[in-house]
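In: mind looking at a prediction? Sequence and model below.
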Amino acid sequence: MLLPRIKGPRDLDRLSQEELEQLAAEIRSFLVDAVSKTGGHLGPNLGVVELTIALHRVFDSPKDKVLFDTGHQAYVHKLLTGRQDFGGLRTKGGLSGYPSRAESEHDVIENSHASTVLGWADGLAKANEVLGREDHHVAAVIGDGALTGGMAWEALNNIAAAKDRPLVIVVNDNERSYGPTIGGLANHLATLRTTDGYERFLARGKDLLERTPVVGRPLYETLHGAKKGLKDFIAPQGMFEDLGLKYIGPIDGHDMEALESALQRAKRFSGPVIVHCLTQKGRGYTHAEQDEADRFHGIGPIHPDTGLPIKTAAASWTSVFADEMVKLGKERADIVAITAAMLQPVGLKKFADAYPGRIFDVGIAEQHAATSAAGLATGGAHPVFAVYATFLNRAFDQVLMDVALHKCGVTFVLDRAGVTGDDGASHNGMWDMSILQVVPGLRLAAPRDAEQLRAQLREAVEVKDAPTVVRYSKGVVGPAVPAVGRIGGMDVLRTPAPEVTRPDVLLVSVGALAPMCLEIADLLDKQGISTTVVDPRWVKPVDEALAPLAERHRVVVTVEDNGRTGGVGAAVSQALRDAGVDVPLRDFGIPQRFLDHALRKEILAEIGLTAPDIARQVTGLVAKLDGRYDSEPAATVD
């Protein structure tokens with residue numbers, strides 16, 4: 001076995017070509033075995049085995065910076081840099097599913113949002129230049145899917161401006177992000193894949209022409225001098241070269257000798273170079289290769305022999321949304337859907353199959369998606385843009401200035417809101433309800449169960465003159481939580497005993513945390529503390545009925561799966577102050593820090609967002625009020 005002997009990248013230098021091929025096979029076998037147990041990003045890593053080996057043989061990490069866009073294809077990189085314990089992958093205390101500075105000096109970028117790597121690479125190359133580090137190199141790996149993002153092209157524009165600043169850009173072209181890559185760039189790359197390079201054309205022509213008397217050699221020289229025109233005709237990589245970027249490729253991304261040769265040439269060049277590598281996502285694992293959906297991009301635990309999930313998936317929030325969108329599409333011809341290269345993960349595949357003319361995949365371009373949605377709404381359609389909550393952060397300006405300012409009826413559906421867990425800090429959707437609070441006119445719904453998701457999605461698409469947002473959690477949707485009454489637009493989930501004239505606590509439950517809030521109320525009841533539990537349903541704007549209801553209680557408590565700073569609790573507090581209601585308020589939510597990867601329940605326990613933790617603190621608050629309530633006004637508890 002070769003893999004256990006690889007403790008760092010320089011251990012690769014001693015291996016023969018035959019041994020390198022053996023190592024690649026061992027890595028694929030290791031990945032299938034390990035990731036099938038834990039779940040994770042299998043397909044992307046199976047596709048970059050040879051490429052990652054070649055990168056680490058050519059570049060001297062960590063002196064040279066080897067960067068990965070998104071980072072879900074960095075498992076092979078981890079194995080080659082001494083991290084071969086995958087038993088706890090993406091679990092508390094185990095390896096991160098993405099590069100992590102805490103794990104290794106070989107990891108540079110932790111942000112697993114796409115299309116950013118070229119900006120990083122540009123900055124690092126500039127730093128090398130400024131500090132005179134001529135023996136330092138930067139190699140950035142970016143997928144063809146990530147190249148659909150606007151940030152990548154902003155960076156390319158800057159990189160190309162410095163023709164003598166070395167930088168190697170490796171385009172990992174597997175024709176996919178999650179699903180097949182779409183758009184004009186994808187078409188251009190497809191042309192590059194399917195045409196012979198001019199070198200092969202020129203080589204054949206040279207043999208023929210040099211055998212032609214008198215005119216042969218001069219004609220060859222003329223053709224060679226016109227190589228730019230030939231390149232555009234034979235292999236139209238002109239888009240890159242017109243930017244001022246040297247282009248090498250396409251290269252077989254599974255031919256290590258060809259890869260090393262191309263990367264060595266790129267490394268020696270004194271300016272920016274693009275090395276275009278063709279790879280196969282899921283390579284070497286039949287079940288992944290044959291999976292048309294996403295080539296096993298991200299999987300849960302599976303049976304490695306069959307590729308089938310170990311557990312049958314229960315109904316998820318995403319699947320509830322998916323089914324309701326199909327129903328809405330049937331009822332309303334103006335409903336259209338938008339995805340940013342995540343058709344399946346956000347639940348729009350069924351809608352796309354049913355209404356192929358009403359689905360728009362814009363690539364990894366959330367900003368464009370939002371502004372295009374504004375245009376669709378202005379043109380008379382009602383767009384539904386489904387996106388992970390963490391990725392909407394990238395389109396804030398467009399939500400504010402294009403959608404909200406123009407009073408466009410656009411519905412944003414935010415999947416994976418709140419603590420998501422195993423994908424780590426960059427994937428927790430813990431900022432959306434804070435960021436969106438500042439957008440004038442925007443309405444934001446947080447459904448507590450499947451029934452409410454269906455109802456509130458329907459309410460959202462009825463709004464024609466303002467943006468609406470529906471946000472929900474990752475994973476399995478919980479049991480139905482019935483309402484026992486309605487106050488204003490709020491659902492009442494629990495009331496105190498009829499004889500209680502002034503209840504102790506008004507508990508404002510946000511979204512999927514409703515079952516936990518009812519558990520909190522049960523625990524408080526055992527301490528003799530009476531509680532009303534309400535679900536605002538629409539958390540922005542704050543319901544006008546909330547302030548007078550709060551005034552009839554001794555203390556208000558808000559519980560949300562969102563950052564505390566600027567979240568629902570803060571909005572409720574401001575609404576109470578504006579209404580002149582002087583009732584103590586305690587807000588519970590996610591602390592404003594980046595959370596390490598772990599199971600959702602482990603993270604919630606770590607940050608104190610559990611029923612026992614909250615009940616304990618509320619009990620203490622009520623006890624404190626009892627001790628001074630008759631003698632002095634109660635102070636607001638922040």
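Out: It's in.
In: stretch 84-99: how far from the chain's middle?
Out: Distance, stretch centre to chain centre, for stretch 84-99: 18 Å (C-alpha atoms, centre = their mean, to the nearest Å).
In: end to end, how far does it reach?
Out: Its first and final residues considered, stretch 84-99 spans 14 Å by C-alpha to C-alpha, to the nearest Å.
In: and it, average pLDDT?
Out: What stretch 84-99 shows for mean pLDDT is 92.
In: next: stretch 419-439.
Out: In this model, stretch 419-439 has a mean pLDDT of 91.
In: likewise stretch 467-475?
Out: Here stretch 467-475 scores 95 as its mean pLDDT.
In: just the endpoints, please. Distance across it?
Out: Stretch 467-475 has an end-to-end distance of 26 Å (criterion: C-alpha to C-alpha).
In: off-centre distance for that stretch?
Out: 15 Å.
In: now do the buried residues in stretch 132-139.
Out: For stretch 132-139, a neighbour-count test (16 or more other C-beta atoms under 10 Å) marks H136, H137, V138, A139 as buried. No exception for glycine: its C-beta is placed from N, CA and C like everyone else's.
In: and the pLDDT for P180?
Out: pLDDT, P180: 56.
In: kindly report the same for L599.
Out: So L599 comes in at 89 (pLDDT).
In: which strands and helices lie in contact with the helix or strand that V275 is a member of?
Out: Taking DSSP states H and E as the criterion, the element that holds V275 is strand 272-278. Strand 272-278 sits against strand 167-173, helix 184-194, strand 246-252, helix 256-268, with contacts defined as 3 or more C-beta pairs under 8 Å, 6 or more residues apart in numbering; DSSP states H and E.
In: nearest to E551, of the ones you listed?
Out: helix 184-194 (57.6 Å; C-beta to C-beta).
In: so for the closest one, mean pLDDT?
Out: For helix 184-194, the mean per-residue pLDDT is 50.
In: name the residues that touch the strand holding V275?
Out: 51, 159-160, 162-163, 165-174, 189, 192-193, 237, 240, 244-253, 259, 262-263, 265-266 (C-beta atoms under 8 Å, 6 or more residues apart in numbering).
In: try 7 Å
Out: Here strand 272-278 makes contact (C-beta atoms under 7 Å, 6 or more residues apart in numbering) with 51, 159-160, 165, 167-173, 192-193, 240, 245-253, 259, 262-263, 266.
In: where along the stretch 501-638 of the chain do the helices fall?
Out: In the stretch 501-638 of the chain, the segments counted as helices under DSSP state H, counting those that start in this stretch are 514-526, 546-551, 568-578, 600-606, 611-628.
In: can you list the buried residues in the shortest one?
Out: Within helix 546-551, the residues scored as buried using 16+ other C-beta under 10 Å are L546, A547, L549, A550, E551.
In: my read: the last one touches V583, true?
Out: Read it as E551. Yes - at 6.4 Å, E551 counts as touching V583 under the criterion of C-beta atoms under 7 Å.
In: okay, and the common contacts of those two?
Out: By C-beta under 7 Å, 6+ apart, no residue touches both E551 and V583.
In: which residue ranges form the strands in the stretch 351-500 of the chain?
Out: Using DSSP state E, counting those that start in this stretch, the strands of the stretch 351-500 of the chain run over 359-361, 382-388, 411-415, 443-445, 468-471, 485-487, 490-494.
In: direction included, what does the third one pair up with?
Out: Strand 411-415 has the following sheet partners, assigned by DSSP bridges: strand 382-388 (parallel), strand 468-471 (parallel).
In: figure out which of those is closest to G478.
Out: Nearest of those (C-beta to C-beta): strand 468-471, 15.2 Å.
In: run through who's touching the closest one.
Out: 389, 411-414, 417, 432, 436, 442-447, 456-457, 460.
In: out of the helices and strands packed on strand 272-278, the one nearest V505 is which?
Out: strand 167-173 (54.0 Å).
In: strand partners (parallel or antiparallel) of the closest one?
Out: For strand 167-173, pairing defined by DSSP bridges yields strand 138-143 (parallel), strand 272-278 (parallel).
In: quick revisit: could you export the strands of the stretch 351-500 of the chain to CSV, including columns for distance to R537?
Out: Shown next, in CSV, are those (distance: least, C-beta to C-beta, whole Å):
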stretch, distance to R537
strand 359-361, 28
strand 382-388, 19
strand 411-415, 15
strand 443-445, 6
strand 468-471, 11
strand 485-487, 10
strand 490-494, 6
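In: per-residue confidence for the closest residue in space to Q527 that isn't next to it in sequence?
Out: Excluding the flanking residues, the one nearest Q527 by C-beta to C-beta, 6 or more residues apart in numbering is T619, at 5.1 Å. Confidence at T619, expressed as pLDDT, is 95.
In: T619: what's it in contact with?
Out: Taking C-beta under 7 Å, 6+ apart as the criterion, T619 is in contact with L524, Q527, I529.
In: let's have these in a markdown table, adding pLDDT.
Out: Output for the contacts of T619, formatted as a markdown table (pLDDT from 0 to 100):
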| residue | pLDDT |
| --- | --- |
| L524 | 97 |
| Q527 | 94 |
| I529 | 96 |
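In: which among those end up buried?
Out: L524, I529.
In: can I get the contacts of T619 in a markdown table including distance to L79?
Out: Output for those, formatted as a markdown table (distance: C-beta to C-beta, whole Å):
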| residue | distance to L79 |
| --- | --- |
| L524 | 50 |
| Q527 | 52 |
| I529 | 54 |
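In: out of the contacts of T619, who's nearest V32?
Out: Nearest member of those to V32, counting by C-beta to C-beta, is L524, at 49.5 Å.
In: can you list the strands that the longest strand anywhere in the chain pairs with?
Out: Looking across the chain with DSSP state E, the single longest strand is strand 555-563. Applying DSSP bridges, strand 555-563 is found paired with strand 505-509 (parallel), strand 585-590 (parallel).
In: most tightly packed of the ones you listed?
Out: strand 505-509 (a mean of 26; mean count of other C-beta atoms under 10 Å).
In: nothing else from me, thank you.
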